[in-house]
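Student: structure here, sequence nowhere to be found:
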């Protein structure tokens, strides 16, 4: 549907041109009528008089002619008349109509008026055409672009006219539509990638379980030690599948904003110490030492205890898997609003080109640096989603060869 009908525009221009012509005619008429009058003024004790108003004989030596543009009538100059006549015929300023000009003079004025009116009308039409047609063309071009799905196009905007307001509104609409389309495309691509990653993650354990089950069924693992190995592999693989399914369910809830939180006051320091004790064996096996917070007094926050344990478990699990043997891990708490939980290690660090992707689902980084590790790559994604649900934020900073720092920011608790 066109934004502005061409018929309406043409009608508006015709009306403006007609009004301009009438205005020009009126102005020229006023000027002509004004020039058809003569002011009689007393100048140096002499009277400038019209023959019809002052008909006294004038000596030829004193005759003077004043030529005007309006028909060149003759005027005579002579000394002031007697006081009686001067009182009757003179004031300081007086307007006297001239004698009717000849017909050719009237025709000349008509032609002049028409020419002035046409010139003004032409200039007005040219100015109005450039003023109205260019913005309309730009709006029409923008509408056609948007209609074809090209929401990257932006209508040029200049000035503060009504056209500029419409153009700004159309540009803002196009930007919102473009952003929404881009977001939907990214979501669709992320879902496709997510499903592909899930299928890939499930394929490996399912293949392992099928192989081990087939070996047991076919009697290949008849010896007790082989049977025990096959059964252990089945158990480990099933546990791995269970963790993967649970992580996928957690991530789906976070994406849908359906993760329930049981918020209550908890002692954060005591919670961290407990988690370190549970992870101490795995850390020692990896050659990593975890240091608890230096703060001795309780620190209370309002949070879901199970979810905070899940976040810290995922972060420490990721640190133990990637920091490398000999690394030192320090966990500190900084009070304030927001409260900060800082997990800092002296491990391998994360390359700068990988750092922007650490929160992506199924992202594992360079697996060649951590051989033998089997993680879904969902840990940090889930941790970030849980912290976001608490109204906080999760920040990862790293330098390759120096170490990694993970900072958790949580709103300050309201003590009860």
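Tutor: Here it is on my side, so go on. Remember, it's a predicted structure, so these values are computed and weren't measured experimentally. Numbers count the residues shown, from 1 in each chain.
Student: what bits of the stretch 301-416 of the chain have low per-residue confidence?
Tutor: Low-confidence segments of the stretch 301-416 of the chain, defined by pLDDT under 70, span residues 362-376, 413-416.
Student: let's go with 50 and repeat that
Tutor: Applying pLDDT under 50 to the stretch 301-416 of the chain flags residues 367-373, 414-416.
Student: go on, the chain?
Tutor: For the chain, applying pLDDT under 50 flags the ranges 1-5, 35-80, 84-101, 367-373, 414-416.
Student: now for the longest helix belonging to it, which elements pack on it?
Tutor: The residue-count maximum for a helix in the chain (DSSP state H) belongs to helix 162-218. Under the contact definition 3 or more C-beta pairs under 8 Å, 6 or more residues apart in numbering; DSSP states H and E, helix 162-218 sits against helix 103-147, helix 224-255. Yep, even glycine has a C-beta here, placed from its N, CA and C like the rest.
Student: redo the ones you listed as CSV? Include distance to residue 164.
Tutor: Formatted as CSV, the helices and strands packed on helix 162-218 follow (distance: least, C-beta to C-beta, whole Å):
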stretch, distance to residue 164
helix 103-147, 8
helix 224-255, 41
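Student: let's have those helices in a markdown table, adding distance to residue 305 and mean neighbour count.
Tutor: Output for those, formatted as a markdown table (distance: least, C-beta to C-beta, whole Å; neighbours: other C-beta atoms under 10 Å):
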| stretch | distance to residue 305 | mean neighbour count |
| --- | --- | --- |
| helix 103-147 | 51 | 14 |
| helix 224-255 | 16 | 15 |
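Student: tell me which of the ones you listed lies nearest to residue 202.
Tutor: Of all those, helix 224-255 sits nearest to residue 202, with 6.9 Å by C-beta to C-beta.
Student: check which element follows that closest one along the chain.
Tutor: Sequence order places strand 263-267 as the next helix or strand after helix 224-255, per DSSP states H and E.
Student: quick one: strands adjacent to that next one?
Tutor: Applying DSSP bridges to the sheet, strand 263-267 is found paired with strand 300-304 (antiparallel).
Student: quick one: contacts of the partner strand?
Tutor: Around strand 300-304, the neighbours that count as contacts under C-beta atoms under 8 Å, 6 or more residues apart in numbering are 261-268, 339, 386, 390, 410-415.
Student: try 10 Å this time
Tutor: Contacts with strand 300-304, where a contact means C-beta atoms under 10 Å, 6 or more residues apart in numbering, come from 259-269, 271, 308, 310-311, 333, 335, 338-339, 341, 386-387, 389-392, 410-416.
Student: what does stretch 208-227 give?
Tutor: 228-238, 240-241.
Student: so can I have CSV of those showing distance to residue 137?
Tutor: CSV is the format used below for the contacts of stretch 208-227 (distance: C-beta to C-beta, whole Å):
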residue, distance to residue 137
228, 82
229, 79
230, 77
231, 78
232, 77
233, 73
234, 73
235, 74
236, 70
237, 68
238, 69
240, 64
241, 63
